[in-house]
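Peer 1: model this:
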Amino acid sequence: MTDEIPPLLPPDQMPPLRVVADLDRFWRSLKGPWGFTRPQLWCVMLGPEGEWTSVFMKIEDCPDRPDPAMVRSLFGTLTSVVLDHAPGGSLALMYARPGPDDHRADDRCWARGLDEAGRRAPVDVWPVFLANDVCVRIAAPDDLAA
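Peer 2: Got it, this is the predicted structure:
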């Protein structure tokens with residue numbers, strides 16, 4: 001993976017996501033050089049071949065720590081959409097917040113909450129990503145450990 005930020009293409013020009021490096025490039029292009037103004041959760045639904053769908057959601061003003069009931073409800077809704085509109089599809093999620101890359105406990109809490117919900121989901125869920133004003137990164141095993 002390179003530090004160069006790829007251009008953000010219109011959805012109809014985005015190549016399918018086949019491997020985690022493709023998802024990393026996408027999230028970095030979304031972040032761009034500017035970072036984030038407030039904590040937010042990005043959710044993308046992909047088709048069975050990793051192709052882009054029309055489901056792309058950003059939830060702004062997320063709390064410092066995820067509410068387990070809200071995460072369960074969100075995954076229930078998202079998985080229903082995948083099962084109904086893109087059978088065999090998948091979900092990708094990224095928690096982003098403003099500030100430095102200081103590996104906050106709250107970031108790890110979001111990573112764990114999303115990862116746990118994704119493991120219980122009846123659809124494929126890509127590895128969780130974390131982002132801040134400095135970088136985008138995959139949630140590492142240390143982030144997911146309790």
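
Peer 1: which residues sit against the longest strand along the chain?
Peer 2: Taking DSSP state E as the criterion, the chain has its longest strand at strand 52-60. The contact list for strand 52-60 (C-beta atoms under 8 Å, 6 or more residues apart in numbering) reads 11-12, 14, 16, 38-47, 74, 81, 85-86, 89. C-beta coordinates here come from the backbone N, C-alpha and C atoms, glycine included.

Peer 1: Do a quick rundown of the strands in this protein.
Peer 2: 40-46, 52-60, 90-96, 124-125, 129-131, 136-138.

Peer 1: follow-up on the earlier one: using PyMOL, define a selection of the buried residues within the contacts of strand 52-60.
Peer 2: Buried subset of the contacts of strand 52-60, written as a PyMOL selection, criterion 16 or more other C-beta atoms under 10 Å:
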select buried, resi 14+39+40+41+42+43+44+45+46+47+74+81+86+89
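
Peer 1: Residue most distant from the centroid, this structure?
Peer 2: Relative to the centre of the chain, the most outlying C-alpha is that of D84, 20.6 Å out, by C-alpha atoms, centre = their mean.

Peer 1: separation between that residue and R104?
Peer 2: Separation of D84 from R104 (C-beta to C-beta, to the nearest Å): 36 Å.

Peer 1: Longest helix in this protein, please.
Peer 2: helix 68-85 (DSSP state H).

Peer 1: Only the buried residues of that helix, if you could.
Peer 2: Buried residues in helix 68-85 (16+ other C-beta under 10 Å): 71, 74-75, 78-79, 81-82.
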